[in-house]
Each structure stands twice: as C-alpha cells, then as structure tokens.
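Engineer: One predicted model, sequence on top.
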Amino acid sequence: MNLALTPAQAAFRDEVRAFIDARLPDEIRSRMRAGHPARKEDIVLFQRALNERGWAAPHWPKRYGGAELGQVERMILIDELYRAPAPLPSVFNVIMLGPLLMRFGTPAQCDHFLPKLANLDLWFCQGFSEPGAGSDLASLRTAARRDGDHYVVNGQKIWTSTAHVADWAFCLVRTEQAARKQDGISFLLVDMRTPGITVRPIISIDGSHILNEVFFDEVRVPVGNLVGEEGRGWECAKFLLGNERTGIANVGLCRERLGYARELARSLTQAGRPLIEDTGLQSELALLDAEIRALEVTNWRLLMAPETGLAGQAFASVLKLKGTEVQQDVAALLARLAGPAALERRPAEGEAGMHWAAPLMPRYLHSRAASIYGGTSEIQKDILAKAILG
Ligand SMILES: Cc1cc2nc3c(=O)[nH]c(=O)nc-3n(C[C@H](O)[C@H](O)[C@H](O)COP(=O)(O)OP(=O)(O)OC[C@H]3O[C@@H](n4cnc5c(N)ncnc54)[C@H](O)[C@@H]3O)c2cc1C
C-alpha cells in the first residue's frame, strides 16, 4: 500500500506544521517531549489556538467552529500534534459530546454548547462508569427521578477522569427500571457546581491525580439538560463510544515516543559507548518501528476503505488492542533506557531539579491503563473472536 501523501495533503501537513511551530510555546513542547503529561492550562491554551483555525474540532461543520476536514486531513492533523508533541484537543468535548449533540441534541443545546466545547470554554468529563458497571455499562444504577421541571440524581460514578477540574459532566443515569437493562437509561448534562455533587480523588499508581469518584446526593438537573429522549440514553452511549475511528491506534503518539527513545539511545552511554551501538537495542528499536508501520497501514486501511477486511467494529478493535500494546512496549523501553534513575521520586508540580528520567516510569505505569479505558483488551479480544470465529 502506498502511504505517500498527495501534493495537496503534503501542503496541508506543512501548513499544520508551520502553525504548530508558530503557536506552540517551547516550554510546553519540551515538557511533553520529556514525557510529562499536558497540564490543563496547556490543553486549554493550545485548543483555543487551534480553534482560531477551525482545527480544534476539525471534522465539525463550519457553523459550529469546525473546518469540515475529511478523515485523511484529520489523521494528518492528529499525527502532527503528536509529532510536535502538542496537547490534543479534549476528546470528551470534541470527539464524544460534540458529535453526539449534533445527532441527538436540540438546536438550542447545539447553539449553546458546541462553540463552548470547541473553544474549551467548558471542560466536560464523562460520568459513565460506576462500581459494578464498567465493561457491562448497562448495569449502571445512578438514578434520576423526575420532579417537576428537574431530574433529581442520586448515585455514584467512578474513574471519572478530570472530574475535579471539570465544569460539566455528561452522564448516563437510570430514569426507569425496565425489563431489559439497556432500556430506561437517559443521557444528562450536569453542571459540576450543582449542590449535592462531591468529587473524591483517586491517586493512580503513577502518582497522578486524574481519576475521581463522583457522588450525587439529591442533585437537581433541569429537564432541559436531557439529551435525546428520556429512556433512550443507551442509543446515545453506543453512538458516543462507537463513532471514533481516526485516532484510535495512537500511531502518532507511538512514533513520537519511539523517536524520543532513539534520541536517548544516541545520547546515553554505557561503559563509554553510546547505547545505540548495542545490537540488541537496535533490533528492539527496529522491531517497534516495524510494528508502528504495520499499525499505521492498518489505520489507513480503516480510514480509507472501511469496507475492506473485518467489519468496522472488529477493525477498530484490532487498532485499539494493537495500538495499546505498542504504546506500552515503547513506554516500557523508555523506562528501561532511563535505568534506575526512572525510579526517582516524582517531584511535586513546579519543584526544581527534576531528573530527565523521572517522568518515564510514571509514564510507563500510566500506559498500563490503556488496556482498560476505552474498552478493555479482553473485551476487544471478545469482539475479534466473534468477528473471526462467528
Ligand atoms: C485511566 C482510566 C480513565 C478512565 N476514565 C473514565 C472516564 O473518564 N469516565 C468513565 O465513565 N470511565 C472511565 N474509566 C473507566 C473505564 O471505562 C472502565 O474501567 C472500563 O470500562 C472497565 O470497567 P471496570 O473497571 O468496571 O472493569 P470490569 O468491567 O469489571 O472488568 C474487570 C476485568 O474483567 C474483564 N472482563 C469484563 N467483562 C469481560 C468479558 N465479557 N469478557 C472477558 N473479560 C471481561 C476486563 O477485561 C477486566 O480485565 C477510566 C478507566 C481508566 C483506567
């Protein structure tokens, strides 16, 4: 398969590259290159810069701030952001909620929320998972009962990424006990400042605070914040979880991290010789490079000819599964290159003197979570087994 870009696509890539060079602060770029996650303020700053060009939500209609880019241009844009590396626009805002509102929301909801989602004026989090409802999401129990022109929400969400810094949450709640558990679920937009919401941190093994528990105690949500029909939220959930294929394999991320591993291998020495001269390491780098190329070709096949090979969902599962494995392998290699220095205590935010190796172990530990979020690896294997074996 020929992966060469057309002259127009290459010109677009150059335009994106020039934009990133002009607008991405060096400080953000070098922090991310060293392996630190983007901070909230970095993400907001750069999403707003992208939004000025219609590139924060590039596939959206122009009237809502998008650029109506096709799949190939979107892929080029994502790859360039990873390559920089630059913070990516909020997945919750741009990939999940925005398209969902365009499909199921009222015109008033679209007009109110979409421009704010594109510009990250509102930071949304996703309140789906609960204790006892993860892979089996339809078992969720957080309840919303109707009381006049409000729903009153009671229950608990868990693993809610960035809930502690979010302005709003999009949540699945049970509005009715139905015979089939997929029925009676509704999709609500909840202002995180509403009385009765408590957010409790969950500190991950990498030392970061991204995840939270969110408790709802008699939380009053206006009926106007219901998206789609009451009791039909499962349709929304399926749409939201199934509509993204473009960046699922994280090819650009894997490539950028492998590039950093090569850079380190060239500059680090062992017994006076550059690590890159080690033939075992050379083989490992070459193997990972081949894996990434294979992933890239598979990704393009899905984007350009979704009808080829396995059916859409199964193809997406291949990309999620394999993309996760490669991402974890590269992160593990980086942690090994850092050696014992990777085990240094992670300094507090802003603390001086962080060793270059310090972010690499937390980064590796965080990469393990990719086997869980967005559908666990076992669930992807189930989907593949059904698609292949019938
Ligand atoms: C870093 C991170 C961020 C997250 N962010 C969010 C968020 O922002 N919002 C949100 O709502 N959720 C979020 N989640 C939650 C995530 O969606 C769930 O963790 C995921 O769906 C798995 O659910 P669970 O944790 O309940 O595990 P379970 O579903 O209980 O699974 C436990 C184990 O059993 C396996 N298993 C389960 N069912 C099957 C099956 N049918 N066949 C084979 N094996 C099976 C799983 O693969 C897993 O190994 C996040 C999770 C992580 C790790």
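Structural biologist: Happy to help now that I have it.
Engineer: give me phi/psi at residue 89?
Structural biologist: Torsion angles at residue 89 (phi, psi; degrees, to the nearest 10) stand at phi -60, psi 160.
Engineer: and the gap between it and the ligand?
Structural biologist: To the ligand, residue 89 is 16 Å away according to Cβ to the nearest ligand atom, to the nearest Å. Using the backbone N, CA and C atoms, a C-beta is placed for each residue, glycine as well.
Engineer: Walk me through which strands the helix or strand hosting residue 221 pairs with, and which way each runs.
Structural biologist: Using DSSP states H and E, the element containing residue 221 is strand 209-222. With DSSP bridges as the test, strand 209-222 is paired with strand 150-158 (antiparallel), strand 197-203 (antiparallel).
Engineer: wait, which of those strands is closest to the ligand?
Structural biologist: strand 150-158 (6.4 Å; Cβ to the nearest ligand atom).
Engineer: Go ahead and measure how far the helix or strand following that closest one is from the middle of the chain.
Structural biologist: Following strand 150-158 in sequence order, the next helix or strand is strand 168-174 (DSSP H and E). For strand 168-174, the separation from the chain centroid amounts to 18 Å (computed by Cα atoms, centre = their mean, to the nearest Å).
Engineer: Not counting strand 168-174 itself, show me its contacts.
Structural biologist: By Cβ atoms under 8 Å, 6 or more residues apart in numbering, the residues outside strand 168-174 that reach it are 92, 96-97, 100, 122-128, 137, 140-144, 151, 153, 155, 157, 160, 163, 184-192, 214, 227, 233, 236-237.
Engineer: now stretch 324-335
Structural biologist: By Cβ under 8 Å, 6+ apart, the residues outside stretch 324-335 that reach it are 35, 250, 253-254, 257-258, 260-261, 264, 284-285, 288, 291-292, 295, 342, 360-361, 363-364, 366-368, 370-371, 377.
Engineer: about what we covered before: the strand holding residue 221: which residues count as buried?
Structural biologist: By neighbour count with 16 or more other Cβ atoms under 10 Å, strand 209-222 contains the buried residues 210, 211, 212, 213, 214, 215, 216, 219, 221.
Engineer: So what would you say the end-to-end distance of stretch 179-187 is?
Structural biologist: One end of stretch 179-187 sits 19 Å from the other (Cα to Cα, to the nearest Å).
Engineer: ok, residues contacting that stretch?
Structural biologist: Taking Cβ under 8 Å, 6+ apart as the rule, stretch 179-187 contacts 100, 104, 138-140, 144, 151, 170-178, 226-228, 230-234, 236-237.
Engineer: Got a PyMOL select line for the buried ones in those?
Structural biologist: Remark: buried members of those, expressed as a PyMOL selection using 16+ other Cβ under 10 Å:
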select buried, resi 100+104+140+144+151+170+171+172+173+174+175+226+227+228+230+232+233+234+236+237
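Engineer: Looking at the contacts of stretch 179-187, which are in helices?
Structural biologist: Among the contacts of stretch 179-187, the members found in helices (DSSP state H) are 100, 104, 233, 234, 236, 237.
Engineer: Looking at those, which one is closest to the ligand?
Structural biologist: Closest to the ligand, out of all of the ones in helices among the contacts of stretch 179-187 and judged by Cβ to the nearest ligand atom, is residue 237, at 10.1 Å.
Engineer: residues contacting the closest one?
Structural biologist: Contacts for residue 237 (Cβ under 8 Å, 6+ apart) come out as 128, 137, 172, 185, 187.
Engineer: And for residue 258?
Structural biologist: Residues counted as contacts of residue 258 (Cβ under 8 Å, 6+ apart) are 285, 288, 289, 292, 330.
Engineer: Which helix or strand contains it?
Structural biologist: Applying DSSP H and E as the criterion places residue 258 in helix 251-267.
Engineer: following that helix, which helix or strand shows up next?
Structural biologist: Defined by DSSP H and E, the subsequent element after helix 251-267 is strand 269-270.
Engineer: one step back: out of the strands paired with strand 209-222, flag the one nearest residue 316.
Structural biologist: With Cβ to Cβ as the measure, strand 150-158 is the member of those nearest residue 316 (25.1 Å).
Engineer: Can you tell me which residues in the stretch 201-350 of the chain are near the ligand?
Structural biologist: residue 211 (Cβ under 6 Å from any ligand atom).
Engineer: which bits of the stretch 1-150 of the chain sit near the ligand?
Structural biologist: 125, 126, 127, 128, 129, 134, 135.
Engineer: follow-up on the earlier one: most neighbours of all the contacts of residue 258, which one?
Structural biologist: residue 330 (26 neighbours; other Cβ atoms under 10 Å).
Engineer: For that residue, which three-state class applies?
Structural biologist: Under DSSP: H, G, I helix; E, B strand; the rest coil, residue 330 falls in the helix class.
Engineer: Right, I'll call it a day here.
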